[in-house]
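J.: Got a sequence here, can you build the structure:
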Amino acid sequence: MGKLPECVIITDDQQRARTLVAHHLEYSTTLTDSGDFSISTGSYKGKPLAVASTGLGRKKVIAGLSELKKLGAKEVVYISTCLSTTKQHDIQTMILAAGGSKKLADKANAAAARCGVKTYNTTVHYLGDTRPDEGSITDEVTEAFYKLAAKEKIEALSLLTVSENTITGMKMDLYEIRSRLYPASRLVFEIFTQD
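T.: Alright, predicted model coming up:
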């Protein structure tokens, strides 16, 4: 296996990973592709980056993060979707999950301002920890992702796009969820171009 860049974008969906690589990563090479777990490397605006896919579910993302740490990853941004139970955050809203790396959150906010996109910094709860009437953002992975990253001393950030809002009834279709996630898919690369 070739050398892994220190900066990695991680996602739980192989199709999303392929789309990220095809649309944004220059000079891409596949380092590994075994089952659900794959890593492609290349560059974005001259910055060496990797895109990793782990397969769906909290356990697979956490196992993927552990593997990336062993391979030398130091900064990791997780890109996926989340559920909103508040009118404030309807579908396609971009969420920077609180509790991760301040360094990466600052870079993400600067990149968002530079790209002219709106993001919201907010707490993201584990899916089973809240009731729908409480008005929150939930996903399956972020809490465990941040805990492991802190333990392993990895700079980590969770960048999520609201794919469903139970209050408004709006929902992204499967194609958008798996393949698009614009503008988050561009923003995640721009985070790593901030020095």
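
J.: which element is Glu164 on?
T.: Assigned by DSSP states H and E, Glu164 belongs to strand 155-165.

J.: which outside residues touch the helix or strand just after that strand?
T.: Counting by DSSP H and E, the next helix or strand C-terminal to strand 155-165 is helix 174-175. Residues from elsewhere that reach helix 174-175 (Cβ atoms under 8 Å, 6 or more residues apart in numbering): none. All C-beta atoms are positioned from the backbone trio N, CA, C, and that covers glycine.

J.: Which residues are in contact with the spatially most central residue of the chain?
T.: Of all residues in the chain, the one closest to the mean position by Cα atoms, centre = their mean is Ile79, 1.5 Å from it. Ile79 makes contact with Ile9, Ile10, Thr11, Arg16, Leu20, Leu159, Leu160, Leu181, Ala184, Ser185, Val188 under the criterion Cβ under 8 Å, 6+ apart.

J.: Tell me which entries of the residues you listed lie within helices.
T.: Assigned to helices by DSSP state H, the following of those qualify: Arg16, Leu20, Ala184, Ser185, Val188.

J.: ok, those vs Met172, which is closest?
T.: Set against Met172, the nearest of the ones in helices among the contacts of Ile79 by Cβ to Cβ is Ala184 (11.7 Å).

J.: so how far is Val124 from the closest one?
T.: Ala184 is 14 Å from Val124, where distance means Cβ to Cβ, to the nearest Å.
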